[in-house]
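A.B. asks: Next comes the sequence, and after it the predicted model I'd like to discuss.
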Amino acid sequence: MTRQEVTTMEETSGPGSDEGPRGAPVITTGRLSKTFSVGGAQQHVLRNLDLSVEKGSFTVIMGPSGAGKSTLLHALSGLDRPTLGTVTLEGTDLTGLGEDELARFRRRHCGFVFQRIHLLDSLSVLENLLVVGLLISHDRRALSRRAGELLERVGLPERDWSKTPSMLSGGEAQRVAIARALMNRPAVVFADEPTGQLGSAHSASVLDLLGQVHDDGQTIVMVTHDLPSACRAERLLYLRDGRIGEELALSGSRDERMTALTAFLTEMGW
């Protein structure tokens, strides 16, 4: 990467803001299907999904166990390849990329936050962010500035940046994971049960942070079974038997969202 490219990356006004206006499609799928072979039998996990996710939106995916929620998230982000169909992210057909090309694309365009906090305990908090940035840039000064800004943004004081992740609470570590996911200004942050291993207080702080990141323009796609988490989204997709059965638009106060969400999930047989 050239010095000019690093400068451009560093001066971008907001998350994923270099590709198209807010509201334009950032992800589209065409007849997306995923099949696994289990004991010699074919198991159809995703079935001919046509989906569009708008830039700057916050979409949550819910559904019963085994509905294909994580499989869909992995297909949308390029972590897994569909059996049939297409996934287009930022105008690039992921199904047309080779493995190395796909890995490079994910580094630049995708951020990930998982239920299990995959931070490297052999590195400090700050180094966990820098090692991600170094995958696309060698300007350590710019990367250190970016990492520091993100750690401040997620509420981790500078005195903790030299700690290893095992020295942090679960909530603190997950906030570091969110900062790491934002390091390369991704087009989309993909979150898979990000509060699944956290207590209620830490969950609330992580959800507040995701809400702030979304308010700043970041596109988020999240899988969850947790109603308070789902209430933070603008759009709910309910996945059942590998298909999107229904979807719900969420707006208003948190109580209004919870009421609408509870009624919707009851109707879905949740």
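C.D. replies: Structure's in. What do you need?

A.B. asks: Listing request: residues of the stretch 101-250 of the chain with sub-threshold pLDDT.
C.D. replies: By pLDDT under 70, the stretch 101-250 of the chain has no low-scoring segment.

A.B. asks: Show me where it has its helices.
C.D. replies: For the stretch 101-250 of the chain, the helices defined by DSSP state H, counting those that start in this stretch cover 125-133, 140-153, 170-181, 200-215, 227-230.

A.B. asks: In a markdown table, list those along with mean neighbour count and distance to Thr92.
C.D. replies: (C-beta placed from N, C-alpha, C; glycine too.) Below are the helices of the stretch 101-250 of the chain laid out as a markdown table (neighbours: other CB atoms under 10 Å; distance: least, CB to CB, whole Å):
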| stretch | mean neighbour count | distance to Thr92 |
| --- | --- | --- |
| helix 125-133 | 21 | 20 |
| helix 140-153 | 16 | 24 |
| helix 170-181 | 24 | 19 |
| helix 200-215 | 17 | 23 |
| helix 227-230 | 19 | 29 |
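
A.B. asks: Which one of these lies nearest to Asp241?
C.D. replies: Across those, Asp241 has its closest neighbour in helix 227-230 (19.9 Å, CB to CB).

A.B. asks: Any chance of JSON lines for the helices of the stretch 101-250 of the chain, columns distance to Phe114?
C.D. replies: Converted to JSON lines, those look like this (distance: least, CB to CB, whole Å):
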{"stretch": "helix 125-133", "distance to Phe114": "14"}
{"stretch": "helix 140-153", "distance to Phe114": "18"}
{"stretch": "helix 170-181", "distance to Phe114": "8"}
{"stretch": "helix 200-215", "distance to Phe114": "12"}
{"stretch": "helix 227-230", "distance to Phe114": "14"}
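
A.B. asks: Among those helices, which comes closest to His44?
C.D. replies: helix 227-230 (25.5 Å).

A.B. asks: what distance separates the closest one from the middle of the whole chain?
C.D. replies: 15 Å (CA atoms, centre = their mean, to the nearest Å).

A.B. asks: now do stretch 233-241
C.D. replies: 15 Å.
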